[in-house]
Structure formats: C-alpha cells, structure tokens
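K.L.:
build me a structure from this.
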Amino acid sequence: MRNFLRGVRNSWPYRFRLILSVVFAILAAAVWSLNFLAIHPALKILDGIESLPESVEIDIAQVKKSMADARYELERVKGKIEGNEKLPEGKLKEERRRDLDGQLAQNEFALNRHSLALYRLQMLKTFYLQCLPSNNFLALAWLLGAVLVLVAVKGVFEFAQESLVGSVANLTLYRLRNRFYRNMIRMDANHFGDSGTHELMARFTNDMEVLGAGLKVLYGKVIAEPMRALGCIILACFVSWQLTLCFIVLIPLFGYVVAKVGRSLKRASRRLLDRMSDIFKILQETFQGIRVVKAFTMEPYERRRFRTATREYYRKAMRVVNIDALAGPLIEVMGMCGVVLALLAGAYLVLGHRTDIFGIRMTSYPLDPPTLLTYYALLGAVADPIRKLSSVFTKIQAGAAAADRIFALIDRQPRVLRNNQSPRLALHEKSITFRNICFSYEAERPILTNVNLEFRFGETIALVGRNGCGKTTMLGLLPRFYDPDHGSILIDGADIRSVNLRSLRKQIAVVTQETVLFDDTIYNNIAYGNRRASREQVEEAAQKAYAHEIIEKLPLGYDSRIGEAGRTLSGGEKQRLALARAIVRDPRILILDEFTSQIDAESEAKIHLALREFMRGRTTFVITHRLNTLEIADRIVVLEDGRIEAVGTHSELLCSSPAYQRLREAHFQRRAA
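P.N.:
Numbering: from 1, shown residues only. Okay, here's the model as predicted:
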C-alpha cells in the first residue's frame, strides 16, 4: 500500500476540493440518516392510534411514573444512608456504606436517564403539535413528503460529492501521467528497448485507469459509506446503545476478513496487469509488422498467440472476480449475524416487556414494536454500507497493485544525467576525441573495445564495417544516448559527461537509417529540428535535401499531413524529410547513419552535392555501406569486431586494410549481381 499512498499524496494540491467533498458526504449521510426517523411515527399512525401527540403523552406518562419510582427509591436509599451513619464505626458499617453508595449512584443514574428521556419526548410532542397536522392521514402524507424532500436534498449533496471526487481523482491522474511521462522521456535511449514500449503503454493507460478507479473509490465510497453507517449507529444508540454494541462488536471481524481478502486480491490484480501488458505487446508487434504478418501468411499463428494471451488474461480476471464476489457475501453474512443478534435481543425485550437481559439493563423503558422495527431498519442500514465497503476494498487493492507497477518506473533514475548545474558546452570548433572507449550492452558481450580516435573540427568521417561491428553504438555515445563503461569522449578538451547535457545535444543533429516522422504536417516535421525556424529556413532546408519539389506536388504543400510514421510517403521521401530536419537545426556536429539507404542513385548524387556545401564548418560522421558515399569523406574509419582496424583515406586503406579490401570486393560483387 506504500505506493498507493504515494499516489494519494499527489492529490495534495487539490485538498480543498477533497475537503469540500467530505463536507458534502457528511451532509448526505446526515440527511440519509434522518429519513429513518420517519419510520417510527409512520408505524404508530398505521398501528391505529388516535394521534401522534396522544401516543407521546402515553410515553411521557410512563416515563414520569418511572421517574417517580426512581425518586422514591433514591429517597429511600438516602434514608438508609442516614440511618447507617448513626451506627457505631466498624466493619459492618463500612460494608453497608459501600453497598448503599452503589445503590445511590445507580438510582441517580436512572433518574438522569429518565430525565433525558422525558426531555426528548417533550421535544417530540412539541414537534408533532407544531409541525404535523392533527389528522393521521395528513400527518402520514406530510411525513412521506418530508422524506421525499430529504431524498432530493441527499441526491444534490451526493452529486456534489461525486463530482468533486471525480475531479480530484482525474486531476491526480493528470499530474501523475505528466510526471510519469516527464520521467520516462528523461531515461536513457536503451531503457526503452529494455522495458519495451508495450509495457510502458500498458502502465500509461490500463494501470493508470486502475489506479484512478482506486482513488475515486477511496475519496468517494470510503468516506461516504462509513459516514452513512455512523449516522445510523448514532440514531440506533439513542434507542439502545447496549443493543447497538452487540452489533458493533463484529466490526473487527469484518476488518480481519477484508484484510485477508485484500492481500489475495492485490496479488491477483498484479498478475492480471502483467497479462494486460502481454496483450499490449502482441498488439504492438502485430500491427507494426502487419506487412510481414500478411506476407508470410502468419495470421493464424498471430490469432493463436493472441487467443492464448487473452485466455490467460481471462483466467487471471476470473480469479479477481471470484475473490471480489466472495468478499461481498462473507461481509453480508457477518453483518446479518450482527443484525439478527441485536434483533433477537430486542425481540426478547419487547415480547417480555423487559428492560434487561440476564440482569444487564438494555433500555431505559420497555420497547414497543414500532420502536423495535425502527431499530431494525437502522441496523439494516448500517449493514448495507459495510457490505459495499468490501467491494471498495478490492478496488483499492487493485489500485495498489497498479501503483506498484507505475511507481516502479517513476522511481527509476537515468544512468545518463542531465547535469543541469554543470557548465554549458561552448560551440564546437577544435576537435573530438574518443579516449580508451569500452562499451557493452551486456557484461559478457563487449561492443566496443579500446577505441582511441581524434577528429579535427570540420572533418567528414566515414565509419565502415560489417553489421554489428559497433558503428552506430560508437556514434550513439557522442550525444550521450548512453555512456561508455570505460574511457571518455572529449569535445574541444571538455569531457561530455561534465557539461550540460542539453547544451551538448543542441549542437548535434542525427539522421538515422530507420526514419522517424510524426503524424503532423510536413512543415512541423522539418521544423522539429529547430522550433524557432522561419518558413523560409524550413523551405531552404527542404531544397537542400531535395525534398522541396516533392512537397510542392502535394495538395496542401508544406501543410500536408503525412499520417502515422509518415505512411503516405515512400521510404526515400521520408529520408529526405529527415535530412531536411537535420539541416534546419544547423548543428556543429552532424551524424548520418545510412542516410541514403532508401534513396535512388540520382537523388543520392544530388544530396551529396548539397551535403558538400552544408558540411562546411561542422564535423560530420557518416555510417554507410555504399562506397560511393565515401567520396564526401575526408577520412575513413574501419571497425572490426568493436575495434579500430584502420583509419585513413580511400587509397591508403586499399593498400593497408584487409577488412576494407573485403568490403570493397563485396560492394562490387553486389553491383555486378
């Protein structure tokens, strides 16, 4: 429950709304409890009495008789005390004194009790005389009308409470979602590969909704239902607090059963949320790879995989349903046990015209059947909120399980720190140095080993090598998508880990092999590289990337939406937009990772001409498998199994690097094929 309470603490900024909702809950409970006061006079009227004031007069006469008896007994005990004081001092006198003092206290207590009962009856008589018609039918109609008005007023209070509770719960989720997103977007790039976007989506959506349901229940029914029960208990205590105690004594047993059920439900809810994550995973993989699924006719396999996941979810969901369904009847049976116990005791008093059970006083004066039925209705009204609280507790436990999953990610800290208090990195104008760099995603599988390189500002560096040799990983260290295990990267002599991360990344633009575009206009996708860019700058960047002509042919030009992941564009068109996005950023360091992999030869030649002009005054890194791309490079770095195999120009490497020679031969074989 610790993480659930952390979720509750996020509601603190909205505490005034929550306090107001509690006030409305108290008012609704008070009005709801007052409705039961109409039961007793209604039963009296239906019992055939001449009028309600006359009925109260009979009760007043009975109480006055009891008061007279109590006064007589009190005076008699006082006389015995005076007589006892005249006796000589001794053990017998002391024992009689203690006994008479006890009798005196009992009679004084009885007299006070009768006085209070008389006061209440006189107030009730005054109410009947001043507020109710003398005609019984009209009095009954007035009572029913008052009940109807109170029900309407209660409805207004309940609406206000539910509305305020809903706003607090939704505002809390709003705050938590933004905090969750803010923390996730700060995480390292490889964190999203570790957790999986399906897991993050499940926690952002399904888990948040489950937590929100728990918060709504906590702020709503957990406050409102006990208030209703408390109001009825208070009224029942006015009838007989001793009988009410017989009912209340079972509440600790309710709590024990609810706690046991809650622990089981929390475990089951956590497993249920895990199964929902599996469903999100299958949906994400299937819909993102729908072309592959259809091309390889794997629809039956994917249907079976999804059916298996949903079957597991069904099994876990049924366990939650069964635990929840079991809690209600258990609590209801125990509640009815308390009601039956109190009712039997009350029936014993009514039928025997008694005020005590086994010598224990239960009421000030004998109960009549209408009073007993009113008392039974009050106890029944207490049992209903307690029964509802059993289902409330299960939702809170489900919310606690969701909170554990949500805060497990919120509490994660990125390994790459932003260094907001560190000095800003000055504009790059000297050199970039890789010093003794070692890196691995997994301890037993090194990706880079002892990489030592130095590049001058303004150079264009090409990285070549077989797939998996560490090219992309090496350049991913430069904008600190992740940090090396050993060694350091220096820009103009400054270790990039010791400078402000934002100032570092503002000097870098990246064009990746897997083009990422957003479901927005072409203009906004290009301006994503620089949100302050003007229309002219965006169009100029598009022209340099040879995308302007393509854009102008679209119906809305730069204002055309490109759909999810740029689905309305071809692969080559998407890469040109990505290149324009990098150009408009005007970076000091440009990283091109297979940036022409989906562009035709003619467009590639044009882009090379544009890049020759654009790469002046900035350091450029190019990852490529195309040897014709190397013509724009000043130097070439050959990687082999995570190590630097050779560094030099094209002609130098043809003479000195066997790995480069193999790559060249493979390139010509592909072209010949």
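
K.L.:
isn't L639 right up against G468?
P.N.:
No. Applying Cβ atoms under 8 Å, one finds L639 not in contact with G468, separated by 9.9 Å. Every C-beta, even on glycine, is put in place using the N, C-alpha and C of the backbone.

K.L.:
out of the two, which sits in the more crowded spot?
P.N.:
Taking neighbours as other Cβ atoms under 10 Å, L639 and G468 compare with L639 leading, 23 against 12.

K.L.:
contact partners for I357?
P.N.:
345, 348-349 (Cβ atoms under 8 Å, 6 or more residues apart in numbering).

K.L.:
ok, of the residues you listed, which one's closest to K506?
P.N.:
A345 (79.2 Å; Cβ to Cβ).

K.L.:
I'd say the closest one and V239 touch.
P.N.:
No. The criterion here is Cβ under 8 Å, and A345 misses it with V239 at 12.0 Å.

K.L.:
neighbour count: the two, which is higher?
P.N.:
Between A345 and V239, V239 has the larger neighbour count (other Cβ under 10 Å), namely 19 against 16.

K.L.:
mind checking how far that one is from A117?
P.N.:
For V239, the distance to A117 equals 11 Å [Cβ to Cβ, to the nearest Å].

K.L.:
still on that earlier bit, I406: which of the contacts of I357 is nearest?
P.N.:
For those, the nearest to I406 is A345 (49.1 Å; Cβ to Cβ).

K.L.:
you'd agree that closest one is in a helix?
P.N.:
Yes. Per DSSP: H, G, I helix; E, B strand; the rest coil, A345 lies within a helix segment.

K.L.:
what touches both of A345 and V239?
P.N.:
With Cβ under 8 Å, 6+ apart as the test, A345 and V239 reach no residue in common.

K.L.:
which pLDDT value belongs to T172?
P.N.:
With respect to pLDDT, T172 scores 91.

K.L.:
ugh, wrong one, L592
P.N.:
87.

K.L.:
ok, the one 3 residues further on next?
P.N.:
F595 carries a pLDDT score of 74 in this model.

K.L.:
so it: helix, strand or coil?
P.N.:
Per three-state DSSP, F595 ends up coil.

K.L.:
now do T515
P.N.:
coil.

K.L.:
burial of it, as a residue count?
P.N.:
22.

K.L.:
would you agree it is in contact with K574?
P.N.:
Yes. Using Cβ under 8 Å, T515 is in contact with K574, at 4.3 Å.

K.L.:
and the stretch of helix or strand I591 belongs to, how far out from the chain's middle?
P.N.:
Assessed by DSSP states H and E, I591 sits inside strand 589-593. Once both centres are worked out by Cα atoms, centre = their mean, to the nearest Å, strand 589-593 turns out to sit 40 Å from its chain's centre.

K.L.:
now for it, which elements pack on it?
P.N.:
When contacts are defined as 3 or more Cβ pairs under 8 Å, 6 or more residues apart in numbering; DSSP states H and E, strand 589-593 packs onto helix 471-476, strand 508-511, helix 571-584, strand 619-623.

K.L.:
export that strand as CSV, just CAs?
P.N.:
Output in CSV follows, covering the C-alpha atoms of strand 589-593 (Å, rounded to 0.1, in the frame of the first residue of the first chain):
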residue,chain,number,x,y,z
ILE,A,589,28.1,18.0,-35.3
LEU,A,590,26.2,16.0,-37.9
ILE,A,591,25.6,12.2,-37.7
LEU,A,592,24.3,10.4,-40.8
ASP,A,593,23.6,6.8,-40.2
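
K.L.:
which residues touch the helix or strand following it?
P.N.:
Next helix or strand after strand 589-593 toward the C-terminus (DSSP H and E): helix 601-614. Residues outside helix 601-614 that contact it (Cβ under 8 Å, 6+ apart): 544-546, 572, 576, 579, 583, 590, 596, 599, 620, 626, 628-629, 631-632.

K.L.:
check the gap between the nearest residue to R505 once chain neighbours are set aside and R502 for me.
P.N.:
Counting by Cβ to Cβ, 6 or more residues apart in numbering, P479 is the residue found nearest to R505 once chain neighbours are left out, at 5.2 Å. P479 sits 11 Å away from R502, going by Cβ to Cβ.

K.L.:
higher neighbour count, the two?
P.N.:
Shown here are P479 and R502; by other Cβ under 10 Å, P479 has more neighbours (19 against 12).

K.L.:
who's in contact with the more buried one?
P.N.:
P479 neighbours (Cβ under 8 Å, 6+ apart): 504-505, 508, 510, 591.

K.L.:
from these, which is closest to M334?
P.N.:
Once Cβ to Cβ is applied, the member of the contacts of P479 that ends up nearest M334 is R505, at 61.9 Å.

K.L.:
so T310 is in contact with F280, correct?
P.N.:
No. Counting by Cβ under 8 Å, T310 sits too far from F280 to count as a contact (11.8 Å).

K.L.:
next one, pLDDT for the residue nearest to R505 please.
P.N.:
88.

K.L.:
would it be right to say that it lies in a strand?
P.N.:
No. Counting by three-state DSSP, P479 is not found in a strand; it is coil.

K.L.:
quick one, phi psi at E57?
P.N.:
phi -60, psi -40 (degrees, to the nearest 10).

K.L.:
so it sits right up against L124, yeah?
P.N.:
No. Counting by Cβ under 8 Å, L124 is not a contact partner of E57; they are 10.7 Å apart.

K.L.:
determine the number of other residues adjacent to S33.
P.N.:
S33: 23 neighbours (other Cβ under 10 Å).

K.L.:
appreciated, that's everything.
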